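Novice: No letters, just coordinates:
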């Protein structure tokens, strides 16, 4: 449907709805429920250089209008993703997929991105810089403009496909991080990753999740996500993918008005496996309600000036 | 009731429940509904050196499980607060009240705090450092440890009563700000102030509130507040007042387990004017349910070790 | 102000996107026409402020327009369901200023508070004229109710599909009046402020946080100082209003 | 897995903090005892996973314990109300391994999935023994149902207030069995793992995000690799489990 199409870093997608990494696995569970080729694309499970089991359980806590997860980047490692997951994915998904990459050193990121960049199924590389920098005192790459730029440059140096840097919202000045990534050569940015949150169990008097803190997502964080997307889109010229609590076609439109070229849907997939299908189906009706002819025309519609 | 009592910076309070500044005015509206002397204390409307009308309207936007406000520190100014508001308050509230102070320069803070410190009704000075520093490029004092410490020192130099610094959550490292305030002589800290949030009106395609962005509060932000209180309480030895989305006795207990000596209740007062009365009434029953004898015994119960 | 649990007696559509809900509960805090109530709608954080359309004994009648999720949810509620409502909010209209022949000027969803006002004024023996403006025929409501209450009732529609064609200001010159009371959209207010021949009272709308004066979310400047629309308002004197253009 | 809207037929308390809810809807995705469903409870973000206690035609029976706000809300729902439910989640027990005389060992709220399992095994002509352990008399439920289904049913309570005094492991030595199936708290599992004389299957619990394998929230390590309790589980083979101490 023409009116839903947008262009994401030089690649046209049928609609701006993209399941977020870590909520859609490698697509198979959802492919059993509906034809996932209706999606703009999807961002697959965060992949690292080596296999990871992740954190101890419990990894999940519930919150008002949201949840906290501390999965800890469980994944089979980049070689197994290329050898086992991508061939399986090819059978159910026939569009360019967004590869999501995590790392714990600049070299990790470069190593994993270089390998995934060579896979023809991969359309974009989404680089998650919210991970702790083991050579940098454990602070997340995403909380420091210089570290964020360093990762961006290292990845760009060894890849040919669009590189989208996924930003952490747990920062004082999101615009400064976004600018640093743009100046370092990023083709796009995506935000927000989860907010750092916590719950305590009143019965045990201890944190609910084994890792104590975790990533807070869901409709509760939407106003923070929208604000940061707006600030980032005001600061950079490259495309911005907006995410954080999106669970309806109305949310998609609001996020695009704030400056998003496309959006990612995360936690909503976990509580309603058909969430993305429903959102895509609802978009034309909601666009009509608000007199929107083409989605691409509203990108950044609420930005200054 | 003995089991609810806590000690806040050397002043004993009957219970840890404190209506947050900006949601309780100067107490009269609520004094018409119930005897506000049942409260631990309350933090009155943010007061500045000069009178302020605040921002244009609309100043309010609704969110999932919360709201955004951009009132802009409307208040009659410190002289009128002392001359008009405090005498009226004296008739309905007979406990030490928490004075809440905002400013736009270090001198502003010192000037306003010095005047309020002399009022015998005032028990604590709560200094809101989330305001833009007009001499510092407009960045909030609360986003930089050095600025936060500078305000703390300036206020401590001209006051005798306990000084509680109210921290902004819109920072990368809340523990660093908390430590800076403690080292600068703060007697306590309170957090979190509102998260910066935004909503866009799909009909007008413009931000809902005139000021574009505003302070996001309500149950939605509780997991972020709890996490930051936990991080701050781990970083400092001075008392911490926890706030952010508290709307039940269970929330009070969870926040105290995270390290709060007392709590503030904000947005909940606006949607249920009897919220604090209900929370105080519910506390003994909920304490029994979780086998808690005295509230003061659970402060920081979930902290490391 | 009082907080009370009200039971829905009826909740029905009476015009396009316009619903009338009748509730049973403690209305003792409602002291004047022009006051409003603030309703908790399950699943929404803020209450929905709605002006009082009628109040008799324990029976409270409200009219609201479905403008979003909250009012749509409200319109789906059935008789017998309960609502948490704050009542007796705001100052309300001052009946003592009406004179013998007050005129009531309402626009769209601003009409409801004028109905309660009309009943009160008529019960005091005043001769009441009501000019009620709507966009088009299928948005018109409460004409019969105003007439039955004894008000000289004039309906105007912008497109002329019902009653007199035009705006309330087109009908106004046809009448003499001792004082005016109005509620409606601000563009109507601005036009009215240039057309009226007497002092009067305007009832304003604003996005509210609490509705009872605590949050300062709905403040406005007036010639008599800063006012909270939810507390010192929503009704303002014609002489104190600062018109934004 | 299927998403379906189910209608509540009944929802009643059957023991202390234990409720039985009977639902009507499309159960075609439920293929084995030991599977679970995931229920949306209005006002709560995550679904509530509950194991299948019985399933006949379009009739689905679940038993749950009220442990927090979500299950308390669920227990307040009335016949006729609707629920959004994901059905057919998890692998379920493997009946082909039972042998002629399987033993079913349940602890507290771990008992329900064993009822559906018992019915299926009995319908295949197996001789089924069920040892059901509870803390105390007023927590005991479904004894008659197991007996009526034809299972040799033994109740044990920790305090001896009903049935045999002690734990399920105290009753176990009295019986011979070809295979075991169990569901209950992990301390019971650990004790059982040292007491059983045959291979068997354990059904595990964990806090889940999605319940259908997407979020990796409930992963665990086994001797046969990492597994998602919601997808490759909740049922695991005795031989593959790595016991944490």
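Specialist: Cool, the structure landed. Please read all numbers here as calculations on a predicted model, not as lab measurements. Numbering: from 1, shown residues only, chains lettered A, B, ... in the order given.

Novice: quick check: longest helix of chain C.
Specialist: When secondary structure is assigned using DSSP state H, the longest helix within chain C turns out to be helix C:112-123.

Novice: now the next helix or strand after that helix, how far from the centre of its chain.
Specialist: For helix C:112-123, the following helix or strand on the C-terminal side (DSSP states H and E) is strand C:129-134. The chain centroid and the centroid of strand C:129-134 are separated by 12 Å under CA atoms, centre = their mean, to the nearest Å.

Novice: Strand C:129-134 versus helix C:112-123: what angle between them?
Specialist: What separates the directions of strand C:129-134 and helix C:112-123 is an angle of 170 degrees, with axes from the mean of the first three to the mean of the last three CA atoms, to 10 degrees.

Novice: what packs against strand C:129-134?
Specialist: Secondary-structure packing of strand C:129-134 (3 or more CB pairs under 8 Å, 6 or more residues apart in numbering or on different chains; DSSP states H and E): strand C:103-107, helix C:112-123, helix C:143-149, strand C:152-157, helix C:168-171. Yep, even glycine has a C-beta here, placed from its N, CA and C like the rest.

Novice: Now distance to residue C:56 and mean neighbour count too, for these, in CSV please.
Specialist: Rendered in CSV, the data for these read as follows (distance: least, CB to CB, whole Å; neighbours: other CB atoms under 10 Å in any protein chain shown):
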stretch, distance to residue C:56, mean neighbour count
strand C:103-107, 19, 29
helix C:112-123, 9, 24
helix C:143-149, 12, 16
strand C:152-157, 20, 20
helix C:168-171, 27, 20
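
Novice: Sort out which residues of stretch A:279-299 are buried, please.
Specialist: Of the residues in stretch A:279-299, those scored as buried under the neighbour-count criterion (16 or more other CB atoms under 10 Å in any protein chain shown) are A:279, A:280, A:283, A:286, A:287, A:292, A:295, A:298, A:299.

Novice: And the contacts of that stretch?
Specialist: The set of residues that contact stretch A:279-299 without belonging to it, under CB atoms under 8 Å, 6 or more residues apart in numbering or on different chains, is A:1-7, A:15-17, A:38-39, A:246-250, A:252-253, A:256-257, A:259-261, A:265, A:268, B:202-203, B:205.

Novice: Could you pull up the mean pLDDT of the longest helix of chain C?
Specialist: Here the mean pLDDT over helix C:112-123 is 98, rounded to a whole number.

Novice: For it, what is the distance to the chain centroid?
Specialist: Between the centre of helix C:112-123 and the centre of its host chain there is 10 Å, according to CA atoms, centre = their mean.

Novice: Start and end of stretch C:150-165, how far apart?
Specialist: Terminal residues of stretch C:150-165 are spaced 23 Å apart (CA to CA, to the nearest Å).

Novice: How far off centre is that stretch?
Specialist: On the basis of CA atoms, centre = their mean, the separation between the geometric centre of stretch C:150-165 and that of its chain is 18 Å.

Novice: average pLDDT across that stretch?
Specialist: If you average the pLDDT values across stretch C:150-165, you get 96.

Novice: circling back to that earlier point, buried subset of the contacts of stretch A:279-299 as a ChimeraX selection?
Specialist: The following ChimeraX line selects those of the contacts of stretch A:279-299 that are buried, judged by 16+ other CB under 10 Å:
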select /A:4,6,15,16,17,39,246,247,248,249,250,252,253,256,257,259,260,261,265,268 /B:202,205
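
Novice: Restricted to strands, list the contacts of stretch A:279-299.
Specialist: Secondary structure assignment by DSSP state E places A:6, A:7, A:17, A:265 of these in strands.

Novice: Need the residues you listed in JSON lines (columns: distance to chain B and pLDDT).
Specialist: Formatted as JSON lines, the entries for these read as follows, by distance: CB to the nearest CB, whole Å; pLDDT from 0 to 100:
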{"residue": "A:6", "distance to chain B": "17", "pLDDT": "98"}
{"residue": "A:7", "distance to chain B": "21", "pLDDT": "98"}
{"residue": "A:17", "distance to chain B": "17", "pLDDT": "98"}
{"residue": "A:265", "distance to chain B": "15", "pLDDT": "98"}
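
Novice: Just flag the most distant two among the residues you listed.
Specialist: Farthest pair in the ones in strands among the contacts of stretch A:279-299 (CB to CB) is A:7 and A:265. Separation: 19.4 Å.

Novice: For chain C, which residues score under the pLDDT cut-off?
Specialist: Residues of chain C that meet the criterion pLDDT under 70 lie in C:245.

Novice: Which residues of it lie near chain D?
Specialist: Within chain C, the positions lying close to chain D (CB under 8 Å from any CB of the partner chain) are residue C:43.

Novice: and if we set it to 10 Å?
Specialist: When proximity is defined as CB under 10 Å from any CB of the partner chain, chain C approaches chain D at C:42, C:43.

Novice: residues in chain C within reach of chain B, list them.
Specialist: Where proximity means CB under 10 Å from any CB, the interface of chain C facing chain B comprises C:1-3, C:38, C:40, C:43-48, C:67-70, C:84, C:86, C:206-221, C:226, C:228-229, C:231, C:244.

Novice: Show only the entries of these found in helices.
Specialist: In this view, the residues of chain C next to chain B that belong to helices under DSSP H are C:69, C:70.

Novice: Which PyMOL command selects the buried ones in the residues of chain C next to chain B?
Specialist: Under the burial definition 16+ other CB under 10 Å, those of the residues of chain C next to chain B that qualify are selected in PyMOL by:
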select buried, chain C and resi 1+2+3+38+40+44+45+46+47+48+70+84+86+206+207+208+209+210+211+212+213+214+215+216+217+218+219+220+226+228+229+231
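
Novice: So which of the residues of chain C next to chain B belong to strands?
Specialist: Using DSSP E, the members of the residues of chain C next to chain B that fall in strands are C:2, C:3, C:38, C:48, C:84, C:86, C:219, C:220, C:221, C:226, C:228.

Novice: any idea which of those residues is closest to chain D?
Specialist: Set against chain D, the nearest of these by CB to the nearest CB is residue C:84 (15.1 Å).

Novice: how about the nearest residue to that closest one, chain neighbours excluded?
Specialist: residue C:40 (4.1 Å; CB to CB, 6 or more residues apart in numbering or on different chains).

Novice: so the one you found touches residue C:47, yeah?
Specialist: Yes. The pair residue C:40 and residue C:47 qualifies as a contact (CB atoms under 10 Å) at a distance of 5.4 Å.

Novice: what's the overlap in contacts for those two?
Specialist: Applying CB atoms under 10 Å, 6 or more residues apart in numbering or on different chains, one finds that residue C:40 and residue C:47 are jointly contacted by B:271, B:272, C:70, C:84, C:85, C:86.
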